[in-house]
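Undergrad: attaching a predicted model along with its sequence, questions to come.
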Amino acid sequence: MHHFTYSGGSLQCEGVSLDAIADAVGTPCYVYSAATLKRHARVIAEAFEGQDCLIAYSVKANGNLAVLSTLAQEGCGADVVSGGELQRALKAGIPASRIVFSGVGKTAVEMDLALEKGIHQFNVESAGELRLLSKVASVLGRKAPIALRVNPDVAAGGHPNISTGKKGDKFGIPWSEAEALYAEAATLPGIEVVAVDVHIGSQIGDLVPMRAAFEKIVGLTRRLREAGHTISRIDVGGGLGIPYKAGDAPAPPSAYARMIAEVMEGMDVQVILEPGRVIAGNSGVLLTTALYEKPAPDRTFLILDAGMNDLMRPALYDAHHDIVPLKEPAADTVTATYDVVGPICESTDKFAVARELPKVAPGDRLAFMSAGAYGAVLSSAYNARPLVPEVLVTGDRFDIVRRRPSFDEMIELEQVPDWLTQTA
Ligand code: LLP
């Protein structure tokens, strides 16, 4: 469910016409719906009502401060993977006690910051990281609360580029080594073992692989408890899929919550969730303007002002995003088939191949749907294109929550050395 619908002949976000936003801000630009973000957070919270549960929104999906503040108001915690994400979450008002720190490459500086702030938990991904964390915590006179992220060797079934829980993936502690590393963790002076963590991938629509992974984790938790460890939390990661197009029917949060309740029955743990896409994905769109129609012998290219630098998912994962006109097409609208591309000098700058759309004329505006997660965060300034603005809508008002940088701002960190500017 989201709040992007046609009304009065044009696509609206909540009570605001997307054309009005494009007029004010220009295109390309991202637009997020606060009501949709809140709704998604609430749907998850309601699905887990009655279970001891921490919803740690995965900041990597969309880390805009206004998005994080919206979710902070809903009581969400955060799953962060860098010192930068940690600082964003804190700045948005998410308490450290509701923040978990994931990621395979935490540095000593990041550990130090997280310990100083007093985060809920570190999800440790290697023996080297565990030992370093113990040292950093000992220097501070602290004990770092940890989970080991274990790799359950379960195939998630999604796109291979976003699957993380199979043997051979760089993520997690290999299944066969987990218990030995827990035993070592218990001996380290700066470590307090509190949890087990797993995350098998993203955009997973089918609960079967998740259930298989969680059952393995529950088994492991039992063995760890028998070995004397105090495990009071199980972090099940993120990964729940969303519909990107008509006909997609990923498992809903209610079924996911029921499955988790069943698997965790009798475990007496706090369940930590790290949802990203399921909260942010359908809460955002990318607005773009058609620049040219370019006929080729065997196809017609539709060239947009948005490029792969603004929305990387199609180029990276062959991802599908619905593309819809801002003006509502009439029932008898003529359609045309396009290869929809951007202006970037790369052949992978392609959003869709042979996509049938209501006929588009240069100057028409379009929206990429479901672009709220892994959209703006993955964007770059490639081809010296400014990062695109982000807008947050609530009810009938909209606010620019990240503005488009000027050319001077884009180059202000660069410096040409003296020897290049001094004339002989
Ligand atoms: N927790 C961990 C440890 C993760 O690695 C991820 C995502 C999440 C939680 C959140 O997963 P979600 O609920 O959003 O599926 N850029 C790709 C997705 C990469 C996901 C990376 N990790 C895409 O655009 O499809």
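TA: Looks like it came in fine. Numbering: from 1, shown residues only.

Undergrad: what about the closest residue to residue 273 other than its chain neighbours, how many residues close to it?
TA: Distances taken as C-beta to C-beta, 6 or more residues apart in numbering put residue 55 closest to residue 273, at 5.2 Å, once the chain neighbours are dropped. Bear in mind the C-beta positions are built from the backbone N, C-alpha and C, glycine included. Counted with other C-beta atoms under 10 Å, the neighbours of residue 55 add up to 22.

Undergrad: helix, strand, or coil at residue 55?
TA: Put simply, residue 55 is strand when judged by DSSP: H, G, I helix; E, B strand; the rest coil.

Undergrad: I figured it hits residue 47, correct?
TA: No: between residue 55 and residue 47 there is no contact under C-beta atoms under 8 Å: 10.1 Å.

Undergrad: scan this structure for its longest strand.
TA: In the chain, with assignment by DSSP state E, the single longest strand is strand 284-296.

Undergrad: and residue 415, how far is that from the ligand?
TA: 33 Å (C-beta to the nearest ligand atom, to the nearest Å).

Undergrad: so the host helix or strand of residue 260, near the ligand or not?
TA: Assessed by DSSP states H and E, residue 260 sits inside helix 253-264. No: when contact is scored as C-beta under 6 Å from any ligand atom, no part of helix 253-264 falls within range of the ligand; the minimum is 10.7 Å.

Undergrad: packing partners for that helix?
TA: Contact analysis of helix 253-264 by 3 or more C-beta pairs under 8 Å, 6 or more residues apart in numbering; DSSP states H and E lists helix 34-47, helix 207-226 as its packing neighbours.

Undergrad: pull out the buried residues from that helix.
TA: Within helix 253-264, the residues that count as buried by 16 or more other C-beta atoms under 10 Å are 253, 256, 257, 259, 260, 263, 264.

Undergrad: and the ligand, is stretch 22-40 touching that?
TA: No: using C-beta under 6 Å from any ligand atom, stretch 22-40 stays clear of the ligand, with a minimum separation of 11.1 Å.

Undergrad: could you find the closest non-adjacent residue to the spatially most central residue of the chain?
TA: Nearest to the mean C-alpha position of the chain, counting by C-alpha atoms, centre = their mean, stands residue 61 at 1.6 Å. Distances taken as C-beta to C-beta, 6+ apart place residue 276 nearest to residue 61, at 3.1 Å, with adjacent residues excluded.

Undergrad: how far away is the residue of the stretch 251-400 of the chain found nearest the ligand from residue 323?
TA: Per C-beta to the nearest ligand atom, residue 276 is where the stretch 251-400 of the chain lies closest to the ligand, at 2.6 Å. Distance, residue 276 to residue 323, using C-beta to C-beta, to the nearest Å: 23 Å.

Undergrad: if you count surrounding residues, which of the two has more?
TA: Between residue 276 and residue 323, counting by other C-beta under 10 Å, residue 276 is the more crowded of the two (24 against 21).

Undergrad: now that that one has come up, it's in contact with residue 238, right?
TA: Yes: the criterion here is C-beta under 8 Å, and residue 276 meets it with residue 238 at 5.0 Å.

Undergrad: related to what we said a few turns ago, out of the helices and strands packed on helix 253-264, which is the most enclosed?
TA: helix 34-47 (a mean of 20; mean count of other C-beta atoms under 10 Å).

Undergrad: what angle sits between that one and helix 253-264?
TA: Calculated by axes from the mean of the first three to the mean of the last three C-alpha atoms, to 10 degrees, helix 34-47 forms an angle of 30 degrees with helix 253-264.

Undergrad: distance from helix 34-47 to the middle of the chain?
TA: Distance of helix 34-47 from the chain centroid (C-alpha atoms, centre = their mean, to the nearest Å) equals 16 Å.

Undergrad: which helices and strands does that helix pack with?
TA: Judged by 3+ C-beta pairs under 8 Å, 6+ apart, the packing partners of helix 34-47 are strand 53-58, helix 65-73, helix 253-264, helix 277-280, strand 390-394.

Undergrad: any idea of the mean pLDDT in that helix?
TA: The pLDDT scores in helix 34-47 average 98.

Undergrad: and this protein, which of its residues are near the ligand?
TA: So the chain meets the ligand at 58, 60-61, 79, 102, 162, 199, 202-203, 237-240, 274-278, 313, 317, 373-374 (C-beta under 6 Å from any ligand atom).

Undergrad: gap between the two ends of stretch 58-74?
TA: With C-alpha to C-alpha, to the nearest Å applied, stretch 58-74 spans 14 Å between its terminal residues.

Undergrad: buried stuff in it?
TA: For stretch 58-74, by 16+ other C-beta under 10 Å, it's 58-72, 74.

Undergrad: next one: stretch 371-390
TA: Using 16+ other C-beta under 10 Å as the test for burial, stretch 371-390 gives 371-379, 385-390.

Undergrad: residue 307: which of the residues you listed is nearest?
TA: Distance to residue 307, by C-beta to C-beta, is smallest for residue 385 among the buried residues of stretch 371-390, at 6.7 Å.

Undergrad: ok, for that closest one, nearest residue in space, not its chain neighbours?
TA: residue 309 (5.7 Å).

Undergrad: so that neighbour makes contact with residue 382?
TA: Yes: if you go by C-beta under 8 Å, residue 309 and residue 382 touch, sitting 4.1 Å apart.

Undergrad: shared neighbours, those two?
TA: By C-beta atoms under 8 Å, 6 or more residues apart in numbering, residue 309 and residue 382 have these common neighbours: residue 344.

Undergrad: mind checking how far the residue nearest to residue 385 is from residue 19?
TA: Note on residue 309: its distance to residue 19, by C-beta to C-beta, is 24 Å.

Undergrad: which residue ranges of the protein form helices?
TA: With helices called from DSSP state H, the chain shows them at 18-25, 34-47, 65-73, 83-91, 108-117, 127-139, 178-187, 207-226, 253-264, 277-280, 313-317, 407-411, 418-421.

Undergrad: distance to residue 331 for the ones you listed - can I get that in CSV?
TA: Converted to CSV, the helices of the chain look like this (distance: least, C-beta to C-beta, whole Å):
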stretch, distance to residue 331
helix 18-25, 21
helix 34-47, 27
helix 65-73, 36
helix 83-91, 45
helix 108-117, 55
helix 127-139, 58
helix 178-187, 58
helix 207-226, 38
helix 253-264, 34
helix 277-280, 33
helix 313-317, 29
helix 407-411, 44
helix 418-421, 62
